[in-house]
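Student: Take a look and give me a structure for this.
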Amino acid sequence: MNHDLVDALDSWDSHWGWAQDAAVTALKTAFPLLVEDSGRMCDHPRLGMAHEEGAGRVCVEDLRAVIEFKGLPNVVVEESVDAVGFPYLNGADGTLVGSGPGVYSYDCEMSGAQFEFGLGADGRGTVEVSGASIPDAVAVLDALRCVLESRPSGQGPGR
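Tutor: Okay, here's the model as predicted:
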């Protein structure tokens, strides 16, 4: 391989690492409860969250985010999703607040990202996102953070 090509690949690799680090920083800034996680969700940077209101992981794969949260109060999921303002959720008639137990999803045709939000009959819900751009993942995490911070500690599962 010629020297210029080796230099170009080294430069690309360096920038790719910087971009991955910047993505992790943006996700952690949007949701400060995330910490480095050595669990095996993926082979790329992983972040985990354990909180009285739920648990989950975020993974950065090729500058796309995977989010898996479970055990969140339904009200947190509902209010967060409505705050993001998804244009349409499969299975919901309008906003998610008051939609009742079920799984609601949005598939972004432009990016290929998939967003799935579950509201449990037991009052606990899930957030599962795959293939989201970092800005879209940051929007979801920021909305979750805002709703969680607005809830008094120990308020219970909500709806």
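Student: Packing partners of the helix-or-strand element of the chain with minimal mean pLDDT?
Tutor: Taking mean pLDDT, DSSP states H and E as the measure, the helix or strand of the chain with the lowest value is strand 46-51, at a mean of 78. Contacts defined by 3 or more Cβ pairs under 8 Å, 6 or more residues apart in numbering; DSSP states H and E place strand 46-51 against helix 3-30, strand 35-36, strand 54-61. Placement of C-beta: from N, CA and C, glycine included.
Student: if you set the cut-off to 10 Å instead, what comes out?
Tutor: helix 3-30, strand 35-36, strand 54-61, strand 64-73, helix 134-150 (3 or more Cβ pairs under 10 Å, 6 or more residues apart in numbering; DSSP states H and E).
Student: Mind putting these into TSV with mean pLDDT, mean neighbour count and distance to G91?
Tutor: Below are these laid out as TSV (pLDDT from 0 to 100; neighbours: other Cβ atoms under 10 Å; distance: least, Cβ to Cβ, whole Å):
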stretch	mean pLDDT	mean neighbour count	distance to G91
helix 3-30	87	13	26
strand 35-36	82	10	33
strand 54-61	88	21	21
strand 64-73	94	22	18
helix 134-150	94	19	18
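Student: Switch the ones you listed over to a markdown table; also include distance to E79.
Tutor: Converted to a markdown table, the helices and strands packed on strand 46-51 look like this (distance: least, Cβ to Cβ, whole Å):
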| stretch | distance to E79 |
| --- | --- |
| helix 3-30 | 16 |
| strand 35-36 | 24 |
| strand 54-61 | 14 |
| strand 64-73 | 10 |
| helix 134-150 | 5 |
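Student: of those, which approaches D82 most closely?
Tutor: helix 134-150 (8.5 Å; Cβ to Cβ).
Student: Show me how far that closest one is from its chain's centre.
Tutor: 8 Å (Cα atoms, centre = their mean, to the nearest Å).
Student: now do stretch 65-78
Tutor: Distance, centroid of stretch 65-78 to centroid of chain: 8 Å (Cα atoms, centre = their mean).
Student: swap in stretch 63-70?
Tutor: With Cα atoms, centre = their mean, you get 4 Å for stretch 63-70.
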